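Novice: Let me see the structure of the following:
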Amino acid sequence: MDYTTIQGKQSLDDPSLIHKMNNLSSPPRGVVCVPGPVIVGAGPSGLATAACLKNKGVPSVILERSNCLASLWQLKTYDRLRLHLPKQFCELPFVPFPSDFPTYPTKQQFIRYLEDYATKFDIQPRFNETVSTAQYDPAVGFWRVRTAGSENGVETEYVTRWLIAATGENAEALVPKLEGIMEFGGPIRHTSLYKTGEEFKGNKVLVVGCGNSGMEVCLDLCNHNARPSLVVRDTVHVLPREMLGKSTFGLSMLLLKWLPIRLVDRLLLVASRLLLGNTSRLGLIRPKLGPLELKNLSGKTPVLDVGTLAKIRTGDIQVRPAIKRLKRHHAVEFADGRTENFDAIVLATGYKSNVPSWLKEGEMFSKEDGLPKLPFPNGWKGERGLYAVGFTKRGLLGASMDAKRIAEDIERCWKAEAKHSTPFTRSHLPLSSSP
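Specialist: Residues are numbered from 1 along each chain as shown. As a prediction, this is how the structure comes out:
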C-alpha cells in the first residue's frame, strides 16, 4: 500500500502500524492521513462546515460520491424548484445571498450561490469518491474512512481524528412499497427523476405525497396541461407562503420571540383560515397539533402554498385517498374502494438518510432512520470525534447552526493538541522527521 498525507507533513512510518494495515482483509490501494476532519458529503451542510473550519484555521477534506457539489440540487430536483423560505433564512455562514436575487431564489440561483461559496473559501471536494465504510479503530485512535472511486474503482482509506457526516436527511430517495407495482404497466418515478411536466402533457398523472414537493409537482403538471390527482394519505398543515406582506416563516420566528408556541400556532391557523379557507373541505385535513408544535415534535414540515390550493378548488387537481394497490392496465385501487386509471405515477414521497449503510457505529445514529438519536439541538456531536451536520430537520438554518458548533468544538481540540503535538502523535501514528 501507498501511504500519503494531505495538508500537512505527517506520515505513517510506524512499522507495527503499517503491518496492521497491511493485514487488513481487503486493504485499499492507498492510505491518506488527514490532519484535519474528513467531511462526508459536499452539499450545503458539508460546504458550510468546511467554511466554518477554514475560518478557524482548521483544514478539512470533503469526500463526495457525485461529480459535483450539491448533487441533490443539481441532479435530483425539478426545474421549477425555488427555496421555500426567504433567502435570509437560507444563507450559509459568512456569505449572504446577492442583493439582486429574489426573495425566493430559483434552483439555478441557489446552485450558483453554492458554487460561489465554495470558490470563496477555496473548498475543493474530492469528487467521485463513494464512502463504503467509516469505522473508528481503537487500536490507533482514529477513524478509518474507506472509499471507492466511482470512475476507476480505486480504493482509498482516509485516516482522520475527526469524522463529520454531512450526507444529510435527503441522501436517498424514499420509495414506498406499493402492492401490484409490477402490474401497473405505466411509468412510475420518484420526484428525484422528475424535471418538468412537459413530458406528461395531456396525461392523467397520480402524484403520491402531499408535502411541498407533491404540491409543487401537481401545480407544475397543471401548468403543462397534464391532469394531476394528489394522493393525501395523512393529515397535513397547509399555510400561505406569506401573511401580512411578510413570509409566514419569518413572521412565525418573530412571534416566537414573544409568545408561546401554542399561541403562535393558533394565530397562524386563524390567519390561514382567513386566507385559504377551510382546507378540510378540499380533502386536506389538518393535524390536531399546530404546525410549529408538530414540526418540533416530529420534524414534519407544513406545506407553504404557492398556488396549488387554487387549482384544487377549480378541480384542475383532484384529491384522492391512500392507495390500496396497483392493478393491470394502469389501474389504481384506492382505500375507499374506488378504482381509476392513470397514465403515470409520480412518487413525491421524500428522502431518507443513508448513514447506516456506511457508518459502522451504533451510538450516535439510529439504524432505523439514519438520524442522530439525540434531538435538536443536541444531535450534532457524538463520541470519539464523530459529528453530524444537516440532520436537524430544520433546513439550511439548522445546518448552519450545527456547522458553527462543530467548527468551534474541533478548533478547541485543534489548538489544544497543537500546543503539544499534531493530531497524529496523540495516538499510535508517530510523525516522521521533518525535512
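
Novice: Show me which residues of the longest helix along the chain are buried.
Specialist: Longest helix in the chain, counting residues (DSSP state H): helix 395-418. The neighbour-count check on helix 395-418 (16 or more other Cβ atoms under 10 Å) flags 395-407, 410-411, 414, 417 as buried. Every C-beta, even on glycine, is put in place using the N, C-alpha and C of the backbone.

Novice: same deal with stretch 200-216?
Specialist: Going by neighbour count (16+ other Cβ under 10 Å), the buried part of stretch 200-216 is 200, 203-216.

Novice: those helices in the stretch 51-200 of the chain, which residues are they?
Specialist: Using DSSP state H, counting those that start in this stretch, the helices found in the stretch 51-200 of the chain span residues 71-75, 107-120.

Novice: what sits up against the longest one?
Specialist: Going back to what we said before, that points to helix 107-120. Contacts with helix 107-120, where a contact means Cβ atoms under 8 Å, 6 or more residues apart in numbering, come from 44, 47, 51, 69-70, 73-74, 77, 79-83, 90, 92, 95, 97-98, 101-102, 105, 123-125.

Novice: mind exporting it as CSV, just the C-alpha atoms?
Specialist: Once non-C-alpha atoms are left out, helix 107-120 reads as follows in CSV (Å, rounded to 0.1, in the frame of the first residue of the first chain):
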residue,chain,number,x,y,z
LYS,A,107,-32.8,26.4,-8.1
GLN,A,108,-30.3,27.7,-10.6
GLN,A,109,-29.6,30.8,-8.4
PHE,A,110,-29.1,28.7,-5.3
ILE,A,111,-26.7,26.4,-7.2
ARG,A,112,-24.7,29.4,-8.3
TYR,A,113,-24.6,30.7,-4.8
LEU,A,114,-23.2,27.4,-3.5
GLU,A,115,-20.6,27.3,-6.3
ASP,A,116,-19.5,30.8,-5.5
TYR,A,117,-19.4,29.9,-1.8
ALA,A,118,-17.0,27.0,-2.5
THR,A,119,-14.8,29.3,-4.6
LYS,A,120,-14.7,32.0,-1.9
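
Novice: Relative to G30, which of the buried residues of stretch 200-216 is nearest.
Specialist: Closest approach to G30 among those (Cβ to Cβ): S213, at 40.6 Å.

Novice: The closest one looks like it's in a helix, true?
Specialist: Yes - under DSSP: H, G, I helix; E, B strand; the rest coil, S213 sits within a helix.

Novice: what's near enough to touch the residue nearest to it when sequence neighbours are not counted?
Specialist: In this structure, S213 finds its nearest non-sequential neighbour in A348, 4.5 Å apart by Cβ to Cβ, 6 or more residues apart in numbering. Shown in contact with A348 (Cβ under 8 Å, 6+ apart): 191, 207-211, 213-214, 217.

Novice: Which one of these is nearest to K327?
Specialist: Distances from K327 to these, taken by Cβ to Cβ, are shortest for V208, at 15.5 Å.

Novice: the inter-axis angle of the longest helix of the chain versus helix 107-120?
Specialist: 10 degrees (axes from the mean of the first three to the mean of the last three Cα atoms, to 10 degrees).

Novice: Look at L12 and report its pLDDT.
Specialist: pLDDT recorded at L12 is 41.

Novice: Adjust the sequence numbering to begin at 56 for everything that follows.
Specialist: Okay, using 56 as the starting number, the last item reads as L67.

Novice: continuing past the worst-scoring helix or strand of the chain on mean pLDDT, what's the next helix or strand?
Specialist: The weakest-scoring helix or strand in the chain, judged by mean pLDDT, DSSP states H and E, is helix 70-77 (a mean of 44). Counting by DSSP states H and E, the next helix or strand C-terminal to helix 70-77 is strand 85-89.

Novice: Do a quick rundown of the strands in the stretch 156-305 of the chain.
Specialist: 184-192, 197-204, 210-215, 218-220, 227-228, 243-245, 259-263, 282-286, 293-295, 297-298, 301-302 (DSSP state E, counting those that start in this stretch).

Novice: possible to save those as CSV with mean pLDDT and distance to K355?
Specialist: Output for the strands of the stretch 156-305 of the chain, formatted as CSV (pLDDT from 0 to 100; distance: least, Cβ to Cβ, whole Å):
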stretch, mean pLDDT, distance to K355
strand 184-192, 96, 29
strand 197-204, 91, 33
strand 210-215, 94, 35
strand 218-220, 98, 23
strand 227-228, 94, 19
strand 243-245, 96, 19
strand 259-263, 98, 17
strand 282-286, 98, 17
strand 293-295, 96, 13
strand 297-298, 92, 20
strand 301-302, 90, 19
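
Novice: Between those strands, which one is closest to S335.
Specialist: strand 293-295 (10.4 Å).

Novice: Just checking: what are the partner strands of the closest one?
Specialist: In the sheet, strand 293-295 lines up against strand 358-360 (parallel) (DSSP bridges).

Novice: Can you tell me what sits against the helix or strand just after the partner strand?
Specialist: Heading C-terminal from strand 358-360, the first helix or strand you meet, by DSSP H and E, is helix 363-369. Contacts to helix 363-369, defined as Cβ under 8 Å, 6+ apart, come from residues 270-271, 273-274, 277, 285, 293, 331, 334, 337-339, 372-374.

Novice: top of these by neighbour count?
Specialist: Of all these, C273 has the most neighbours under the rule other Cβ atoms under 10 Å, reaching 29 neighbours.
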